[in-house]
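S.K.: kindly generate the corresponding structure for this input.
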Amino acid sequence: MGELHLFVYCERIKREYDVEIIVGNPTVNYRETIGSRAKFNYLHKKQSGGAGQYAKVIGYVEPINDDITDPEANMSNVFKNATEGQNIPNEYVPAIEKAFHEFCKKGPKTGYPVVGMRYVLTDG
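M.R.: Down below sits the predicted model:
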């Protein structure tokens, strides 16, 4: 609905119910998403004395297009662990999932939440 529709409803509430209402400026809830499947292969190396840090994650992200008729179904994000064998120890997978969901809170383009994305971890 547009701003004019909201103004009309406010006037109707005042007139029909004889109630004084306080109205603020309308806000828009923007969201970000991805348009197509993209592969990633990220290597993290950090040496600052001591043992240092080393990690590698491989996989892809893709849009969720399961049900186009229901836009609310695409408002979430899905993490899928598709690793085979013991390349990534099982105790590290929850940290990778947590980092994915943390990223989705603030998108890279405009800073709005990222929705409708599936993250598939294939190797590491």
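
S.K.: for Gly52, what are its contacts?
M.R.: Lys45, Lys46 (C-beta atoms under 8 Å, 6 or more residues apart in numbering). Every C-beta, even on glycine, is put in place using the N, C-alpha and C of the backbone.

S.K.: counting contacts, what elements does the longest strand along the chain pack onto?
M.R.: Ordering each strand of the chain by length in residues (DSSP state E) puts strand 53-63 first. Strand 53-63 sits against strand 38-46, strand 117-123, with contacts defined as 3 or more C-beta pairs under 8 Å, 6 or more residues apart in numbering; DSSP states H and E.

S.K.: where in the protein is pLDDT low?
M.R.: 1, 66-74 (pLDDT under 70).

S.K.: looking at it, which residue reaches furthest from the middle?
M.R.: Asp18 (42.6 Å; C-alpha atoms, centre = their mean).

S.K.: ok, that residue to Arg12 distance?
M.R.: Look at Asp18 and Arg12: by C-beta to C-beta, to the nearest Å, they are 12 Å apart.

S.K.: buried deepest among the helices and strands packed on strand 53-63, which one?
M.R.: Mean neighbour count (mean count of other C-beta atoms under 10 Å) peaks for strand 117-123 among those, with a mean of 19.

S.K.: can you pull the alpha-carbon coordinates of that strand into CSV?
M.R.: Taking C-alpha atoms only, strand 117-123 is exported to CSV below (Å, rounded to 0.1, in the frame of the first residue of the first chain):
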residue,chain,number,x,y,z
MET,A,117,19.7,-17.8,0.5
ARG,A,118,20.9,-21.4,0.9
TYR,A,119,24.5,-21.9,2.0
VAL,A,120,25.9,-25.3,1.1
LEU,A,121,29.2,-26.3,2.7
THR,A,122,30.9,-29.0,0.5
ASP,A,123,34.5,-29.3,1.7
